[in-house]
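[1] quick one, what's the 3D model for this:
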Amino acid sequence: MHAVLIHKFGGPEELKYEETADPVIKADDVLIKVYAASINPVDWKIRQGLRKGAEAVFPMILGRDVSGVIEQVGAQVTGFRPGDEVYSCPDISRDGTYAGLVAIRADEVALKPRSIGHELAAAIPLAGQTAWQGIFDHGELKAGQKILIHGAAGGVGTMAVQLAKWKGAYVIGTASEKNIPFLKELGADEVIDYNTEDFSEKCKDLDLVFDTIGGETQAKSLKVLKPGSILVSTVGIKDPEAMAAKGVKGVAYMAHPSADQLKALADLIDEEKLRPVVSKILPLKEAAEGHRISEEGHTRGKIVLQVYPSMTLEQIEEFIINFPLFF
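    Got it, this is the predicted structure:
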């Protein structure tokens with residue numbers, strides 16, 4: 001099969017599109033023909049050698065998202081069969097999804113949303129599960145509560161905005177000025193321009209802050225939280241003592257695969273209560289260009305890598321521009 005591999009840590013130029021061996025499935029695996037994958041910040045952090053505690057085994061295939069069709073099922077697998085259209089965020093310890101084929105444990109796989117093609121489905125798994133686990137599992141968000149979402153226009157942020165609104169929360173996001181109308185269309189009640197406004201002066205008595213930024217943004221977030229509230233971060237907790245002193249619970253986490261959550265996300269998409277946000281679609285062989293764009297830090301939603309087309313470029317463009325609003 002063809003895949004994008006790295007043979008050493010480094011810049012985007014280390015991503016090589018080349019022929020490699022097909023994966024061999026285990027008894028509890030399914031073999032998926034990859035139609036599309038997508039790029040997440042963790043991909044280029046691994047490529048750069050920045051992920052602490054990870055043992056490098058080269059050559060390495062990156063990628064945490066996949067949408068495709070099952071080619072083969074392992075001897076112990078029930079509930080799936082060849083031909084099923086599925087999507088997944090596989091365990092990070094195994095080979096990734098920038099490839100023509102990928103072997104994934106069946107309990108990390110779910111049927112993809114019926115109403116969208118693989119290019120759009122591939123944008124959902126890691127971002128969707130990260131948002132779901134952050135605001136629901138760790139953040140305990142309830143209807144009527146107030147949440148502030150930092151980095152609201154990114155891949156995880158756009159999912160978090162929509163899920164929080166679906167839950168019945170009052171949603172505030174931080175983003176650049178150009179993304180304010182877009183985020184309000186997704187359901188945000190307020191959007192604060194982080195370039196010209198200080199969110200810590202505009203918000204108060206919040207129930208939850210969902211932090212994808214860290215650093216000074218996280219430190220200032222303590223000012224807007226009320227005692228007994230929660231700050232959930234995808235990038236670690238900087239000052240747990242300060243949070244404890246204010247009576248705020250701080251939670252850092254890394255998303256884990258969950259087929260149940262993938263099923264729930266697929267249902268919301270098919271019910272037109274959630275939409276994937278895709279800013280660019282590139283062929284797999286142009287993964288390096290996708291990494292360069294992602295590393296600039298200004299991507300709206302996700303960048304998708306197309307392996308086998310399931311939608312025409314015209315269909316994709318129409319979806320991105322004209323997707324109906326739900327809120």
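
[2] give me the low-pLDDT residue ranges for this protein?
    52-55, 312-313, 315-327 (pLDDT under 70).

[3] middle-most residue in it, spatially?
    Centrality entry for the chain: nearest residue to the mean C-alpha point is Ala127, 1.6 Å, by CA atoms, centre = their mean.

[4] name the nearest residue to it, ignoring sequence neighbours.
    In space, and not counting its chain neighbours, Ala127 is closest to Gly155: 4.1 Å by CB to CB, 6 or more residues apart in numbering. For every residue, glycine as well, the C-beta is placed using N, CA and C.

[5] how about Ala242?
    Using CB to CB, 6+ apart, the closest residue to Ala242 is Leu222 (6.1 Å).

[6] and for Ile124?
    Going by CB to CB, 6+ apart, Ile124 has Pro276 as its nearest residue, at 5.2 Å.

[7] what's the domain layout of the chain?
    With domains defined by automatic domain parsing, the chain comprises 2-124+276-322, 127-252.

[8] a markdown table for these, including distance to Ser258?
    Listed next are those as a markdown table, based on distance: least, CB to CB, whole Å:
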| stretch | distance to Ser258 |
| --- | --- |
| domain 2-124+276-322 | 8 |
| domain 127-252 | 6 |
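
[9] those domains: which one's closest to Lys263?
    domain 2-124+276-322 (4.8 Å; CB to CB).

[10] which residues in the stretch 101-250 of the chain form strands?
    Using DSSP state E, counting those that start in this stretch, the strands found in the stretch 101-250 of the chain span residues 101-105, 109-111, 146-149, 170-175, 190-193, 206-211, 225-233, 249-252.

[11] CSV for the ones you listed, including distance to Ile25 and mean neighbour count?
    Below are the strands of the stretch 101-250 of the chain laid out as CSV (distance: least, CB to CB, whole Å; neighbours: other CB atoms under 10 Å):
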stretch, distance to Ile25, mean neighbour count
strand 101-105, 5, 23
strand 109-111, 12, 22
strand 146-149, 38, 27
strand 170-175, 41, 26
strand 190-193, 45, 20
strand 206-211, 36, 25
strand 225-233, 35, 19
strand 249-252, 34, 18
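
[12] test my guess that the residue nearest to Ala242 contacts Met243.
    Yes: taking contacts as CB atoms under 8 Å, Leu222 lies within contact range of Met243: 6.6 Å.

[13] more neighbours: those two, which one.
    For the pair Leu222 and Met243, the greater number of neighbours falls to Met243 (21 against 18), based on other CB atoms under 10 Å.

[14] give the contact list for the residue lying closest to Gly96 once chain neighbours are set aside.
    Leaving aside its sequence neighbours, Gly96 sits nearest to Gly63 (CB to CB, 6+ apart; 3.4 Å). By CB atoms under 8 Å, 6 or more residues apart in numbering, the contact set of Gly63 is Val4, Ala37, Ser38, Ile39, Asp43, Gly96, Thr97, Tyr98, Ala99, Val102, Leu305.

[15] now, the most widely separated pair of those residues?
    Longest span within the contacts of Gly63, CB to CB: Ile39 and Val102, 15.4 Å.

[16] the helices in the stretch 51-200 of the chain, which residues?
    For the stretch 51-200 of the chain, helices defined by DSSP state H, counting those that start in this stretch occupy the ranges 118-121, 125-132, 155-167, 180-186, 199-202.

[17] I'd say the residue nearest to the centre of the chain and Val156 touch.
    Yes: Ala127 is within contact range of Val156, at 4.8 Å (criterion: CB under 8 Å).

[18] that older thread, test my guess that the residue nearest to Ala127 contacts Lys302.
    Yes: counting by CB under 8 Å, Gly155 touches Lys302, with 4.5 Å between them.

[19] between these two, tell me which one has more neighbours.
    More neighbours surround Gly155 than the other of Gly155 and Lys302, with 31 against 28 (other CB under 10 Å).

[20] which residues touch that one?
    Residues in contact with Gly155 (CB under 8 Å, 6+ apart) are Ser38, Asn40, Ala123, Leu126, Ala127, Val277, Thr299, Gly301, Lys302.

[21] which of those residues has the most neighbours?
    Sorting the contacts of Gly155 by how many neighbours each has (other CB under 10 Å) puts Ser38 first, at 34 neighbours.

[22] touching, that residue and Lys302? I think so.
    Yes: assessed by CB under 8 Å, Ser38 is found in contact with Lys302 at 4.9 Å.

[23] so Ala264 touches Trp132, yeah?
    Yes: assessed by CB under 8 Å, Ala264 is found in contact with Trp132 at 7.4 Å.

[24] more neighbours: which of those two?
    Neighbours around Ala264 and Trp132, counted as other CB under 10 Å, are more numerous at Trp132. The numbers are 22 against 18.

[25] that one and Leu163 touch, don't they?
    Yes: between Trp132 and Leu163 a contact is recorded at 6.2 Å, counting by CB under 8 Å.

[26] give the contact list for the closest residue to Pro82 other than its chain neighbours.
    Leaving out its chain neighbours, the residue that sits closest to Pro82 by CB to CB, 6+ apart is Ile70, at 5.4 Å. Residues in contact with Ile70 (CB under 8 Å, 6+ apart) are Val30, Leu31, Ile32, Lys33, Phe80, Arg81, Pro82, Gly83, Asp84, Val86.

[27] that's all I had, so thanks and see you.
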